[in-house]
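Trainee: Below: sequence and its predicted model.
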Amino acid sequence: MGQNISLFPELGERSRESRDRGVFPSQKIQEFMDSGKISAATSFSPKQVQPASLDLRLGPTAYRVRASFLPDKFAVEERIRELGMAEMDLRSGAVFEKHCVYIVPLLEELHLPDDVSGKANPKSTTGRLDIFTRLITDYGKEFERVPQGYAGRLYAEVVPRTFSVRVCEGMSLNQIRFVKGKPPRVREDSALEKLGDETPLAFSADDSPTESIRQISVDLIGAGSEVVGYKAKPHAPLIDLGAVGLYDPGEFWEPIRSTRRIILNPDDFYILVSKQKVWIPPDWAAEMVAYDATFGEFRSHYAGFFDPGFGYAVEEGRGTHAVLEVRSHEVPFVMEDGQMVGRLEYERLLAPPDKLYGPRIGSSYQSQGLSLSRQFRRQ
């Protein structure tokens, strides 16, 4: 295995086992790229391959359409011809206006075996900018899902909800995981629970282990910082998604000060942070469930993937906070400090990846607390 795995000797020989079902690690994704099961109109970039996912890239053309859709009995291009309003050239960049719906054919295509499926999520930066992004496939009956044995093109539905954004060909707004068979979730597999007993996977602010490795709650009081969140300002300037550290947060965000409760306005978008700090073992992947009606009338997380190594080996403390992208549904909603806002679901990998999430592969949010997307200057 890659040298990063040796950072975690507590996993022992169990981490080196191969399995007949589970999420693809990075080297298996690379194997599919090399064999043509994952192909692309342009050469792949090594940065696309993450520890347990593949970054998907926007193609050279986008289509503004009248409404979102699921293809169902149609190819996506048929629905674009029916619903399309304008064709846009992304080769030199274009502006996606907020509240408008765009369909973008991606550069990647799939030719999956009969026992391999895929599932997608927005990337972290996409979620933190409130860019509603979903994967669709030809004849697809679900967003974000690629059925077993799928062969064909991939498309992204992109709806900027808070900020108008500038995009161009080759940018990555979403990512995909590949799954062989149906890997058991944690409630069906005691291996993670056993590992959690041996090596705590979730911690409080003082680095003490928490009782649950799955429940995520919101921190509105803060520990050492007066600012506990941000609310997006209306009528903010355009954001170039290719920028890094360019924008003054004060032009786009209103800080939320330490408090015990806030009232979420349905028209507003919030960036908050979890009380828990989590870490994901090298032979596991996790996903935060974005919404559950039993938690309240809000959506708490757009970008739900947590890669192997997230929160591991951080220099200060143990684990990394989850940043929460929050919107209320339809009505104002009171959110209390410590309120449960989501849960982590864990899945086993087929094998440990040959790379882990973190600075060595250019990951942006390994040691994050409350943080905005990389387009903004750090305060």
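Mentor: That came in fine, so what should we check first? If you're wondering where the values come from, they're calculated on a predicted model, not measured in any experiment.

Trainee: who's in contact with the closest residue to residue 324 other than its chain neighbours?
Mentor: Spatial nearest neighbour of residue 324, excluding adjacent residues (C-beta to C-beta, 6 or more residues apart in numbering): residue 272 at 4.5 Å. Backbone N, C-alpha and C define where each C-beta goes, glycine included. Contacts here follow C-beta atoms under 8 Å, 6 or more residues apart in numbering; on that basis residue 272 touches 218-220, 228-229, 256, 323-324, 326, 370.

Trainee: which of those residues has the weakest pLDDT?
Mentor: Confidence by pLDDT is poorest for residue 370 among the contacts of residue 272, given 87.

Trainee: how about that residue, secondary structure?
Mentor: When classified by DSSP: H, G, I helix; E, B strand; the rest coil, residue 370 comes out as coil.

Trainee: From residue 29, how far out is it?
Mentor: Distance of residue 370 to residue 29, computed by C-beta to C-beta, to the nearest Å: 31 Å.

Trainee: So the two - more neighbours on which side?
Mentor: Each of residue 370 and residue 29 has its neighbours counted (other C-beta atoms under 10 Å); residue 29 has more, 24 against 20.

Trainee: element containing the more buried one?
Mentor: Residue 29 is part of helix 26-35, with elements assigned from DSSP states H and E.

Trainee: Which other helices and strands does that helix contact?
Mentor: In terms of contacts (3 or more C-beta pairs under 8 Å, 6 or more residues apart in numbering; DSSP states H and E), helix 26-35 is packed against strand 38-40, strand 174-180.

Trainee: Just the pLDDT for the residue of the chain positioned farthest from its centre.
Mentor: Ranked by distance from the centre of the chain (C-alpha atoms, centre = their mean), the top residue is residue 82, with 30.5 Å. Looking at residue 82, its pLDDT is 97.

Trainee: Ok, residue 206 next?
Mentor: Value listed for residue 206 in the pLDDT field: 79.

Trainee: With residue 357 instead?
Mentor: At residue 357, the pLDDT value in this model is 78.

Trainee: where exactly do the strands run in the stretch 51-200 of the chain?
Mentor: Counting by DSSP state E, counting those that start in this stretch, the stretch 51-200 of the chain has these strands, from start to end: 54-56, 61-65, 84-89, 94-96, 101-111, 116-122, 131-137, 145-146, 151-160, 165-167, 174-180.

Trainee: Give me the contact list for the fifth one.
Mentor: Applying C-beta under 8 Å, 6+ apart, the contact partners of strand 101-111 are 36-42, 54, 56-59, 61-68, 76, 80, 88, 90, 96, 118, 136, 146, 150-159, 169-170.

Trainee: before we move on, back to that, can you name the residues in contact with the helix holding residue 29?
Mentor: So helix 26-35 is contacted by 24, 38-39, 44, 49-54, 178, 350-351, 353-355 (C-beta under 8 Å, 6+ apart).

Trainee: Can you pull out the low-pLDDT segments for this structure?
Mentor: Where the chain drops to pLDDT under 70, the residues are 1-18, 183-193, 195-196, 198, 224, 290-303, 313-317, 358-359, 361-368, 379.

Trainee: quick one, helices of it?
Mentor: 26-35, 76-83, 124-128, 191-198 (DSSP state H).

Trainee: okay, these, which one's buried deepest?
Mentor: helix 124-128 (a mean of 23; mean count of other C-beta atoms under 10 Å).
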